[in-house]
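Engineer: When you get a sec, could you give me coordinates for this:
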Amino acid sequence: MAIKQAEIKLVIGAGEYNNNPGWLHTQEEELNFLEENTWNRRFDNHSITAILAEHVWEHLTYEKGIEAAKMCYKFLKPSGYIRCAVPDAFFRDETYQNIVQIGGPGPKDHPAASHKIVYNYKILAKMFETAGYDVKLLEYCDEEGSFHQNFWDGEDGVIFRSKKYDPRNHGEKLVFPSLIVDALKL
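Structural biologist: Got it, this is the predicted structure:
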């Protein structure tokens, strides 16, 4: 049975984080965002206001990422959005890049072992644009490794692994940033 309420805000792949009180937190076994039947069991088309995905999209190939973005599009309300955070390919730190690399840094049971892609801002924006979204960059590194941050409000979805919220990043030097975008349904 689909959820009926005025505003649905959804976290996909919430893991152990609960940074967004009042949002519906889901795991892959509850909601596989590539399988429409798992969506249809819980939601009506065009019923979700916002989707937050923190370090989820890198576990899909580029092509599957487009497919997932299209699936989300179907269930987002007009002017709804996805706030997406992934590891940043342009962040110049060898230790970080070793952790986020395709296939991960070590044991098969490490979460990064299933990384299929490491996005930069151009590739992630193109992936969402291909699926029909307008993309706003929130936090990212450019080709030279320089960090950029545009204003974004945690009320619209907190990304923990960010300059804004991760205590590891509050000093003089970034330690573990994310590439963060808002992808708005047109």
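Engineer: Residue 16 - that's part of a strand, no?
Structural biologist: No. Using DSSP: H, G, I helix; E, B strand; the rest coil, the secondary structure at residue 16 is coil, not a strand.
Engineer: longest single strand anywhere in this protein?
Structural biologist: With DSSP state E setting the assignment, residue counts place strand 76-86 as the longest strand in the chain.
Engineer: what does that strand contact?
Structural biologist: For strand 76-86, the surrounding residues in contact (Cβ atoms under 8 Å, 6 or more residues apart in numbering) are 46-58, 69, 72, 118-119, 124, 128, 133, 138, 156-157, 159, 161-162, 178-185. Every C-beta, even on glycine, is put in place using the N, C-alpha and C of the backbone.
Engineer: Drop anything exposed from these.
Structural biologist: Buried subset of those (neighbour count, 16 or more other Cβ atoms under 10 Å): 47-58, 69, 72, 118-119, 124, 128, 133, 138, 157, 159, 161-162, 178-185.
Engineer: In helices, which of those residues appear?
Structural biologist: Residues from the buried ones among the contacts of strand 76-86 lying in helices, with DSSP state H as the criterion: 69, 72, 124, 128.
Engineer: Can you name the residues bridging to the residue most central in space within the chain?
Structural biologist: Computing the C-alpha centroid of the chain and ranking residues by Cα atoms, centre = their mean puts residue 84 first, at 2.5 Å. Beta-bridge pairing for residue 84 (DSSP bridges): residue 53, residue 181.
Engineer: Take the contacts of strand 76-86 and keep only those in strands.
Structural biologist: Per DSSP E, the subset of the contacts of strand 76-86 in strands is 48-54, 133, 138, 179-185.
Engineer: Now do the contacts for residue 175.
Structural biologist: Applying Cβ under 8 Å, 6+ apart, the residues near residue 175 are 93, 96, 166, 168-169.
Engineer: ditto for residue 117
Structural biologist: Neighbour list for residue 117: 58, 60-62, 65, 102, 123 [criterion: Cβ under 8 Å, 6+ apart].
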